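In: Just the structure for this:
(chains A and B)
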There are 2 protein chains.
Amino acid sequence: MKLDLEADLADLLQQITDIYSVSDNETELANAVEQTLQDYAHLEVIRNGDAVIARTQLGRDRRVLIAGHLDTVPVANNLPSERREVDGEDRIYGRGTCDMKGGVAVQLKAAATLSNPANDITWVFYDHEEVDGIYNGLGRIANELPQLLVADFALLGEPTGAVIEGGCQGTMRFSVTTTGVAAHSARAWLGHNAIHDIAAVIEKVANYPVGEVTVDGLVYREGLNVVAISGGIAGNVIPDTCSVEINYRYAPNKSTDDALAEMQKLFAGYELKVNDLQPGARPGLDIAIAKEFVSAVGGVPRAKYGWTDVARFSGLGIPAVNYGPADPSKAHADDEYCPVQDLYRCYEAMKQWLENDEVAR
Amino acid sequence: MKLDLEADLADLLQQITDIYSVSDNETELANAVEQTLQDYAHLEVIRNGDAVIARTQLGRDRRVLIAGHLDTVPVANNLPSERREVDGEDRIYGRGTCDMKGGVAVQLKAAATLSNPANDITWVFYDHEEVDGIYNGLGRIANELPQLLVADFALLGEPTGAVIEGGCQGTMRFSVTTTGVAAHSARAWLGHNAIHDIAAVIEKVANYPVGEVTVDGLVYREGLNVVAISGGIAGNVIPDTCSVEINYRYAPNKSTDDALAEMQKLFAGYELKVNDLQPGARPGLDIAIAKEFVSAVGGVPRAKYGWTDVARFSGLGIPAVNYGPADPSKAHADDEYCPVQDLYRCYEAMKQWLENDEVAR
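Out: Okay, the predicted model is just below:
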């Protein structure tokens, strides 16, 4: 099937929202994107797994990379999409409308329209962003086809409420396990209760002094949270093991090594296992090309809290920012939505920037 | 199939251990017990669900009730049974050998042998002891056929290491749940972490001053333990709910109402849900008939820690004690076993008591 990129942005967002694409199920949407973009002669279209890369080859001095992921978190009875006016605002509700099919809709329409941009553009629509970092489609492309990601500046269309958000926080997920000795609960003194020992671990997490950190002029608010806990064998047995999974969101002035060392120190003496460890990205808004983008779009940049693939570009040496429609606090929420006005605003800003880019003149 | 009750007690224990009878799967063993005991003319055999009652009707002045459960906790790669000498001791290893097929073997052989006892005897072999109290076979008989449980004294063959254990502790299992607000873990301050709140609940449990309580001359050691915990939605979501299951083992000087009130006070302000609440039983060794049993068997009685169905007899107004082969601390253990010598000792003591019971003379 093909998408109708001539349609209004709100209709286009509903088209792609209604193609189910929970992580690991992106094939149908990737096929639609690939087949649709192949009709545009100004684009070279490359398929990699369930990612689609489309680029202009106009020989411009500079190349901009604009990326968005196709997958969503699991559906929570919030598909198909619905267009509703709430609080006086015209909105598209549904899984993925905020994170981040709104950004993908803007990018698809811009990819079709900008046939003669001031900069060459590489559009990347990729898979597996909402799962463990090892599966990430952008990471796979960076490994398999690194030449496709060469660019002077990158823009990631994650939801930012149509405001430029610089950098992103790093994220580390790890488990801490306590070990005891099983026994019948009527003779608890013959055993050692591993769940009782986990209380001290939770307290360490809850009382850890996370705070606000200023990096390159933007303020990041860190977080340390237990996100899962499990333990227990039966109602009459003293549990001999208990595990918590902890998520550390850290400001981008710390490296992954810094974050790991910090947590290893905090949980010294405990069994700690790292499940996911992703670097943050400094906002980098002090470099020239970033300043030019900010000036073209307008508004005051702010810090990005959530981890985004901006950090991958940062790792590849490409300055990158987040900029996309919808309120990021609605990402993953059951009542996830994208304001229709945000779609228009992002699309117009992007057209203005790429059609009038002083950098490439 | 029938059991060979003429066999040596060690062989008999292996026969019944090797008939799988995890709770809810007692039918095959109950059939074997029923069919085997029907061959003995001095016994009237009654079937109720997967329980078998066999009794003498000799018109004696007094009636003794002797009970054992047929079910076991789930198998942990410890069937079929094995006879091995360990630490110089002849043992039968396998699920249920300790809790409590050793006692059942002694009772089956005694039921077959004691054709002309000094007291009338009611033998009860019942189902569903290792699961929630509402399913208990003895409880079902008490409801459906209460006249079958009328007796002057009761003996429960739970493992006691062939020592008389008086009474039993009460047990209460309940859950405490904390409730928070879900949010993306990169913006934790928009949510409220329910797992962080559970730490205070665990601390209350771990720090609760449980102690030793003397009741009718026997010392009971109480216990309060978290036996299970669960919470968490995903690695990047602040959890909005967390639950612990808590097991309170309390001395038999407290009623179920006392125990409930105590826990409600301890967890005031929390959501508390009772999953199981069983009364304890005072040892009651100060009454005449109990003293006579103690004197016939010999040894020094001690307190019973685990909850046993002795409490049901206590509720029916029947003085009751625990007395059976095997070390109770091996109940539910993967290396559960019954020393062969304990079988002989319990069998001989029971024969001596019931063939020479001064009470009924």
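In: Residue A:184 contacts residue B:327, doesn't it?
Out: No - Residue A:184 lies out of contact with residue B:327 (C-beta atoms under 8 Å); the separation is 11.5 Å. All C-beta spots, glycine's among them, are computed from the backbone N, C-alpha and C.
In: These two: who's more crowded?
Out: residue A:184 (23 against 17; other C-beta atoms under 10 Å in any protein chain shown).
In: ok, that one - contacts?
Out: By C-beta atoms under 8 Å, 6 or more residues apart in numbering or on different chains, residue A:184 lies in contact with A:190, A:191, A:236, A:237, A:238, B:306, B:329, B:331, B:332.
In: From those residues, which one has the minimum pLDDT?
Out: Of all the contacts of residue A:184, residue B:306 has the smallest pLDDT value, namely 78.
In: any idea how far the closest residue to that residue other than its chain neighbours is from residue A:194?
Out: In this structure, residue B:306 finds its nearest non-sequential neighbour in residue A:186, 3.6 Å apart by C-beta to C-beta, 6 or more residues apart in numbering or on different chains. Taking C-beta to C-beta, to the nearest Å as the measure, residue A:186 falls 18 Å from residue A:194.
In: circling back: the residue nearest to residue B:306 belongs to a helix?
Out: Yes - the assignment for residue A:186 is a helix, going by DSSP: H, G, I helix; E, B strand; the rest coil.
In: so it touches residue B:171, yeah?
Out: Yes - contact criterion C-beta under 8 Å: residue A:186 and residue B:171 qualify, at 7.3 Å.
In: List the contacts of the closest residue to chain B within the stretch 1-150 of chain A.
Out: Of all residues in the stretch 1-150 of chain A, residue A:73 sits closest to chain B, at 7.7 Å by C-beta to the nearest C-beta. By C-beta under 8 Å, 6+ apart, the contact list for residue A:73 reads A:22, A:23, A:95, A:99, A:130, A:332, B:234.
In: tell me the SS of the last one?
Out: The reference is to residue B:234. With three-state DSSP as the criterion, residue B:234 reads coil.
In: For it, which residues are in contact?
Out: If a contact means C-beta under 8 Å, 6+ apart, then residue B:234 has A:73, A:227 as its contacts.
In: mind checking the backbone torsions on residue A:246?
Out: phi -120, psi 140 (degrees, to the nearest 10).
In: Who are the contact partners of it?
Out: A:173, A:174, A:175, A:176, A:205, A:224, A:225, A:226, A:227, A:263.
In: Among the residues you listed, which lie within strands?
Out: A:173, A:174, A:175, A:176, A:224, A:225, A:226, A:227 (DSSP state E).
In: got a markdown table for those, with pLDDT and neighbour count too?
Out: Formatted as a markdown table, these follow (pLDDT from 0 to 100; neighbours: other C-beta atoms under 10 Å in any protein chain shown):
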| residue | pLDDT | neighbour count |
| --- | --- | --- |
| A:173 | 96 | 22 |
| A:174 | 98 | 20 |
| A:175 | 98 | 17 |
| A:176 | 98 | 22 |
| A:224 | 97 | 23 |
| A:225 | 97 | 25 |
| A:226 | 97 | 28 |
| A:227 | 96 | 23 |
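In: May I see those residues arranged in CSV, with distance to chain B as well?
Out: Listed next are the ones in strands among the contacts of residue A:246 as CSV, based on distance: C-beta to the nearest C-beta, whole Å:
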residue, distance to chain B
A:173, 5
A:174, 10
A:175, 10
A:176, 12
A:224, 8
A:225, 5
A:226, 4
A:227, 5
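In: and of these, the nearest to residue B:322?
Out: Of all the ones in strands among the contacts of residue A:246, residue A:176 has the smallest distance to residue B:322: 40.8 Å, by C-beta to C-beta.
In: The closest one and residue B:168: what is the separation?
Out: Per C-beta to C-beta, residue A:176 is found 37 Å from residue B:168.
In: Repeat that for residue A:218.
Out: From residue A:218 over to residue B:168 (counting by C-beta to C-beta), the distance is 65 Å.
In: just for chain A, where's the confidence low?
Out: Within chain A, the ranges that satisfy pLDDT under 70 run A:356-361.
In: got the residues of the stretch 251-361 of chain A near chain B?
Out: Residues of the stretch 251-361 of chain A found near chain B (C-beta under 8 Å from any C-beta of the partner chain) are A:275, A:276, A:305, A:306, A:307, A:328, A:329, A:331, A:332.
In: In the helix or strand where the second one lies, which residues are buried?
Out: Okay, so that is residue A:276. Assigned by DSSP states H and E, residue A:276 belongs to strand A:271-278. Across strand A:271-278, burial judged by 16 or more other C-beta atoms under 10 Å in any protein chain shown covers A:272, A:276, A:277, A:278.
In: what's the closest of these to residue B:88?
Out: residue A:272 (43.9 Å).
In: That closest one pairs with what?
Out: Applying DSSP bridges to residue A:272 gives these bridge partners: residue A:176.
In: neighbours around the closest residue in space to residue A:96 that isn't next to it in sequence, how many?
Out: Distances taken as C-beta to C-beta, 6+ apart put residue A:72 closest to residue A:96, at 3.7 Å, once the chain neighbours are dropped. For residue A:72, the neighbour count with other C-beta under 10 Å is 29.
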